[in-house]
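S.K.: curious how this folds, go ahead:
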Amino acid sequence: MSSYIKKPSLFKVLFETRALFELGVYYSSFPFLKNVPRGEGQPVLVLPGLLASDFSTGPLRKFLNAKGYHAYPWQLGRNRGQVEYIEKLEDKIKGLNIRHGKKVNLIGWSLGGIFARLMANKMPGHIRQVITLGSPFMGIHGESNADFAYEMASGQKRGDVDPQVLAMIEKVPDMPFTSIYSKGDGIVCWQHCIEPTKRDNIQNIEVIGSHLGLGHNASALLVIADRLAQEEGYWQPFVFERGIKGLVYPQYWKGASAVLV
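M.R.: The predicted structure is shown next:
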């Protein structure tokens, strides 16, 4: 991003409490999600956000397992943004490749999405696709409302990232990439979650909701299920269909099949 972007307002921060309401919607929406495309046992590795653990991604993994996928936790404790995770994630991904004989789908929430991008560029032959949830991969040096927490957890200053690591984060992965974000995000700047590269297998998708609720946001789950169900090599953009499902996406009201920012 070339121009300065202010971090989310205090109002948006306080409004993050709606994540609890969104969790209730998640459970009540299960009957409406029964007809989403199903998987065929493909492995999915889910990476949590800053200071979050596998507990936070439990609802998402429960949903994916119920839809026929093998969804795995990262099993590295709370995400403190440390570079030591890179080698451990590499071993984890290779292990899943061997176990399933298939490439791994990566889903990363917030800081987890930044690690997902990094790993996809580090070992592209092992990754099928990448999906991020509110991940500010284009704003590593930009401000957010998580700066203090990140500096305390990681032991390094915001933006103090090795240039080689930064390059692997900002480079768009070669495989299909989907960024799911919300303009109501109270933690990170949604503008930093947009992939600017124009390519047939890249899509930025806006949903309505909080940052802390993206992992169990019902409209985000619809997108995730649709993306994962596509055959490898036959990627198509997510279509904002007519009817009740389409109404929850801002792009539907704009008459667009791709993000308008």
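S.K.: wait, residue 22 sits on residue 215?
M.R.: No: using CB atoms under 8 Å as the test, residue 22 is too far from residue 215 to be in contact (9.5 Å). C-betas here are computed from N, CA, C, even on glycine.
S.K.: what sits against residue 80?
M.R.: Counting by CB atoms under 8 Å, 6 or more residues apart in numbering, residue 80 makes contact with 50-51, 153-154.
S.K.: from the residues you listed, pick the one nearest residue 109.
M.R.: For residue 109, the closest of the contacts of residue 80 turns out to be residue 50, at 9.3 Å, with distances computed as CB to CB.
S.K.: what are the boundaries of the helices in the stretch 101-250 of the chain?
M.R.: Taking DSSP state H, counting those that start in this stretch as the test, the helices found in the stretch 101-250 of the chain are 111-122, 147-154, 163-170, 218-228, 250-254.
S.K.: residue 178: which of those is closest?
M.R.: Among the helices of the stretch 101-250 of the chain, the nearest to residue 178 by CB to CB is helix 218-228 (5.3 Å).
S.K.: using PDB, list the CA coordinates for that closest one.
M.R.: Included here for helix 218-228 are C-alpha records, laid out as PDB according to Å, rounded to 0.1, in the frame of the first residue of the first chain:
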ATOM      1  CA  ALA A 218     -21.200 -18.200   8.300                       C
ATOM      2  CA  SER A 219     -20.700 -16.300   5.100                       C
ATOM      3  CA  ALA A 220     -17.000 -16.900   5.300                       C
ATOM      4  CA  LEU A 221     -17.600 -20.700   5.800                       C
ATOM      5  CA  LEU A 222     -19.700 -20.700   2.600                       C
ATOM      6  CA  VAL A 223     -16.800 -19.200   0.700                       C
ATOM      7  CA  ILE A 224     -14.200 -21.600   2.300                       C
ATOM      8  CA  ALA A 225     -16.300 -24.700   1.500                       C
ATOM      9  CA  ASP A 226     -16.800 -23.500  -2.100                       C
ATOM     10  CA  ARG A 227     -13.100 -22.900  -2.600                       C
ATOM     11  CA  LEU A 228     -11.900 -26.200  -1.100                       C
END
